[in-house]
Structure formats: structure tokens, C-alpha cells
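Asks: Starting from these lines, generate the structure:
(one chain, ligands or ions: 2)
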Amino acid sequence: MNKQQPPAAFAHTDSAHDSRYGVTPGYMPGFGNDFETEALPGAIPVGRNSPQRVNYGLYAEQLSGSPFTAPHGSLERSWMYRIRPSVKHVGRFRKIDLPHWKTAPNVIPDVTSLGQYRWDPVPFPKERLTFIEGMRTMTTAGDVHTQVGMASHVYLANADMVDDYFYSADSELLIVPQHGRLAISTEFGRIDLEPLEICVLPRGMVFKVALPDGEARGFVCENYGAKYTLPNRGPIGANCLANPRDFKTPVAAFEDKETPSRVWIKWCGQFHVTEIDHSPLDVVAWHGNYAPYKYDLRTYAAVGSITFDHPDPSIFTVLTAPTAEEGTANIDFVIFPERWLPQEDTFRPPWYHKNIMSELMGNIYGQYDAKPQGFAPGGISLHNCMLPHGPDRNAFDKATTDSWEPMKLKNTMSFMFETRFPQQLTEFAAKEAPLQDDYIDCWDGLEKKFDGTPGLK
Ligand SMILES: O=C(O)Cc1cc(O)ccc1O
Ligand SMILES: [Fe+2]
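Replies: Ligands and ions are numbered 1, 2, ... in the order given. Model prediction:
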């Protein structure tokens, strides 16, 4: 048997569960790298993936995130060395209902998705809810059965997942905390997340979420399609925007725990639970390029205009989930961070526009320049496919009278889940969430200025 020592470059995590929130996380930098990490020295076989016997009596198992025959460069798979094979982490399934977690197609006949929509932050409910039970779907798009489209959710959680574990066979999950930290224990290791950081959990990855602050709220973009990747940078070149080294993948960490546990599975929009007598987070070591990761939005090196005009917001793309049609994303994850605005003779906030893509926005903190009022931290807006929108009256007045001096846009971090597909409102979004009935009035004061005479008014 191999007695391989862990390479010095790979952090070695003590998987002892010494606190309520488990192991101390450690991370490996890089985007889409072929990582290898072991919580016990020598757990990864040397020179082969699947030897006759694995060290420590572990089982070898492959997790495939792309078809076996995907072209080189888009192959995604990892090898896990685990206490039990995953097949022992499922039993007989019982169908359960998570009534607020919806999946496309989900078109509600008496709900109109066409309109200008904005919501106040969804308040915390009184009942105890885990991260999974607290998922509230706002919009869905596409069709999960054809692995096309997305769903946007708000999560509201105030209970730890202790012996409850979850995975989604439907989707990759992009998590955007807005309030409260998350301690996410995954099969591949532990991710600690706080507002202004995001993480991506691959399809099929088992995890549970604990809440170091007792409660948490944030947003989730469920991606039914091809995985998120970094956008092409074109003439920007090899640097700036989201740099690959700022993405962090956890080092291996495992639970060796024999307690009655439940594994919840999302599959084709339905939820199933299975009871087992141990923890499924039992991966002692793994290697490969199919893995969860986190990213700190404060490390985004924004690029913008240094002459005039307002560039398209695609310059702020952190991650893109492509479709087969080049440049036409299933989802773009775009942020609006603090930045300098130096453009001369320019209307600096977003221009008035209609967009073929549909735009769901959330405010993480501060004030968004196109909507100085009403778009609160924790709030959400939706401007659907080809629905006109743009700065409100106050933002227009300021933008058309401000000096051209360079100014720093401070106290701001909003984001956008932008998809090529029209987004359908859920019943929750239309009837239960705190919809602002008067949102459309924010453009009321944009009166006619035209007087037919040439020259600037
Ligand atoms: O509508 C929005 O506020 C998002 C947005 C921002 C921007 O700078 C340009 C276009 C756009 O849709
Ligand atoms: Fe827009």
C-alpha cells in the first residue's frame, strides 16, 4: 500500500470536529484547477485513480460533472476517497414538499411576469428554518428537464443543518450572502462565507449549512445549465476583472459520524429525503477539477471607461454560465462594486434601456446609483426581457447636473443575475413577498423637456 506523504504545498486539515461549526477551513487558490488534497496523509493513491485497495480502507469513487466524452478543456470530474461509497448514503426515498422552492417550468396562470417589479427585503419568518427549508423562489426561467435556464431565490435561515444534508441533481448553486455568515460543510471540505463573498456548489455535491450568527439572508442563483466559468476577456487581456487566483477551493475535511441523518435530494424539481445512520460528508481525500469554490467580491478588479460614456455592464461579469450560442449566456453573474467614475461629458448612471436578457438584481449593501431610493440592501428588482427601465427621477436629476470631476462611487454593492430567458414570477414573489406596488412611480417625474428649439436644455 502507498505511504505517500502530503505534498507540502497542500494544506493538511485536522478533520477533528472540535467546535459546533466543525473544522477550520483552508483553501487552495485557482479557478478550475486540477486540485488534490487529503485530510489524512497518503489517502490519495499515487499514480492511479482506482487501485485494487485504497489506503485507510477507503473507497474510490468518481463524481462526473461533464459527460465522459466532453471535449478536452470542458471535462469536469473528481476522484474521492471516502469512508463509504455514496451508494451507502442513500436508502429508500420519500417524496417531501418544500413548497417555496420552485423549479422551471413554473408559469402561474394568474401571475403576470411582465412589469416593473421591486421588493423590499423579505423579512425573517417566525418558524425555525434551515438554509434548505428557508429557500424562497422569486423567479424561474427555462426548463430543468432539458438542463436549460435558472431560478433565483432568497434564503432566510435561522436553524443549523446538523444531521441534515442536501444535494441538488438539478443545478449548480451560486450563493450570495447578504446578511449573516454561512458555515458550509461540503463533501470536499469546509467553506466559510460572509456577505461580500460568494460561493458555487457543483451539481451533485452534498453539503450542509450552519449559521455562526444565528440567522442569515441572501440570494441563490440555481443554474440548470452548463457550469459557471470565467468570461472571455477579449481586448482587456489576461488580467483584471475576476482573477483566477482569487477563487478558493476548500481543502479536504470529513466527518466520521454515526448518527441518524437525513439526505435531502432535489431531482427534476422534486424533493426526496432518505434516512441513513451516518454522515455522508466522509470524503477523506479528493483530486480533480469538479469542486466547490468561493470568491471575495472585494477582489474584483473593475475596468471601466476613462474617457467618456457608460460601458455595457458586461465589463462587471464575475462568472458566466454559457449556452451553445456564443456570448448568449444562460446566466451572467454581474456585480456593481465601489469604483471611480471619471468620465467626462457623460450621463454616468446606467442609460435608459430595453434588454433582450432579463435582469434580476439584488442589493447586498449601500445605495445603487440608478436607484438612490427604494432599492434597499436585501431588496430585489426584476426588469424582464425587453422591459424598459433605467435611472429614477432623482438619479436622472443628479446625473444631468453633477460636475464631471472624477468621483468615487462608495458604499455600494449590488449584483445582477442576467439570463437570456424571460423570468417567470413565482406565486410567492407576486403575492407573499413585500412587493413595492408604487415602484413604477419612481419614473413619474421624468417629464417632457422637449421644446423643439435646437441647443442643450
Ligand atoms: O438596469 C440596471 O440597473 C443594470 C444595468 C446597469 C448598467 O450599468 C447598464 C445596464 C444595465 O442593465
Ligand atoms: Fe438594466
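Asks: Excluding chain neighbours, what is closest to whichever residue of the stretch 301-450 of the chain sits closest to ligand 1?
Replies: For the stretch 301-450 of the chain, the residue closest to ligand 1 is residue 350, as judged by Cβ to the nearest ligand atom, at 3.4 Å. (C-beta placed from N, C-alpha, C; glycine too.) Nearest non-adjacent residue to residue 350, counting by Cβ to Cβ, 6 or more residues apart in numbering: residue 370, 4.9 Å away.
Asks: Just give me the neighbour total for the one you found.
Replies: Neighbouring residues of residue 370 were enumerated by other Cβ atoms under 10 Å; the total is 24.
Asks: got it, and residue 451?
Replies: Neighbours of residue 451 under the rule other Cβ under 10 Å: 7.
Asks: Tell me the spacing between it and residue 217.
Replies: Distance of residue 451 to residue 217, given as Cβ to Cβ, to the nearest Å: 48 Å.
Asks: cool, residue 326 as well?
Replies: Using Cβ to Cβ, we find residue 326 at a distance of 36 Å from residue 217.
Asks: and those two? which has more neighbours close in?
Replies: When residue 326 and residue 217 are compared for neighbours, residue 217 comes out ahead with 22 against 8, by other Cβ under 10 Å.
Asks: and the more buried one, that's in a strand?
Replies: Yes. Assessed with DSSP: H, G, I helix; E, B strand; the rest coil, residue 217 lies in a strand.
Asks: show me the contacts for the closest residue to it other than its chain neighbours.
Replies: Beyond its immediate neighbours in the sequence, the residue positioned closest to residue 217 (Cβ to Cβ, 6+ apart) is residue 179, lying 4.4 Å away. With Cβ atoms under 8 Å, 6 or more residues apart in numbering as the criterion, the residues that contact residue 179 are 195, 215-218, 378.
Asks: give me that answer again for 7 Å
Replies: With Cβ atoms under 7 Å, 6 or more residues apart in numbering as the criterion, the residues that contact residue 179 are 195, 216-218, 378.
Asks: again with residue 197
Replies: Listed by Cβ under 7 Å, 6+ apart, the contact set of residue 197 reads 177, 294-297.
Asks: Kindly write the PyMOL command that selects the buried subset of those.
Replies: With 16 or more other Cβ atoms under 10 Å as the burial test, the buried ones among these are selected in PyMOL as follows:
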select buried, resi 177+294+295+297
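Asks: Quick check: chain neighbours aside, which residue is closest to the residue of the stretch 101-250 of the chain found nearest ligand 1?
Replies: With Cβ to the nearest ligand atom as the measure, residue 116 is the residue of the stretch 101-250 of the chain nearest to ligand 1, at 10.9 Å. With Cβ to Cβ, 6+ apart as the criterion, residue 116 has its nearest non-adjacent residue at 4.9 Å, and that residue is residue 440.
Asks: Report pLDDT for that neighbour.
Replies: Among the per-residue scores, residue 440 holds a pLDDT of 96.
Asks: Could you report the separation of it from residue 389?
Replies: 10 Å.
Asks: shared neighbours, these two?
Replies: Overlap between the contact sets of residue 440 and residue 389, as judged by Cβ under 7 Å, 6+ apart, is given by residue 116.
Asks: Between these two, which has more neighbouring residues?
Replies: A side-by-side neighbour count of residue 440 and residue 389, using other Cβ under 10 Å, places residue 389 first with 21 against 13.
Asks: Tell me the pLDDT of that one.
Replies: As summarised for this prediction, residue 389 has a pLDDT of 97.
Asks: which strand residues sit across from it in the sheet?
Replies: The residues paired with residue 389 through beta bridges, assigned by DSSP bridges, are residue 353.
Asks: list the contacts for it?
Replies: Contact analysis of residue 389 by Cβ under 7 Å, 6+ apart lists 116, 353, 383.
Asks: quick one: the helices in the stretch 251-400 of the chain?
Replies: 393-399 (DSSP state H, counting those that start in this stretch).
Asks: and residue 129, how many residues sit next to it?
Replies: 19.
Asks: ditto for the one 3 residues further on
Replies: When neighbours are counted by other Cβ under 10 Å, residue 132 registers 21.
Asks: Repeat that for residue 343.
Replies: By the other Cβ under 10 Å criterion, the neighbourhood of residue 343 contains 18 residues.
Asks: got the contact list for it?
Replies: Contacts for residue 343 were tallied using Cβ under 7 Å, 6+ apart; they are 305, 307-309.
Asks: go on, residue 351?
Replies: Residues near residue 351 by Cβ under 7 Å, 6+ apart: 310, 390.
Asks: what's the answer for residue 304, then?
Replies: Shown in contact with residue 304 (Cβ under 7 Å, 6+ apart): 311, 315, 339.
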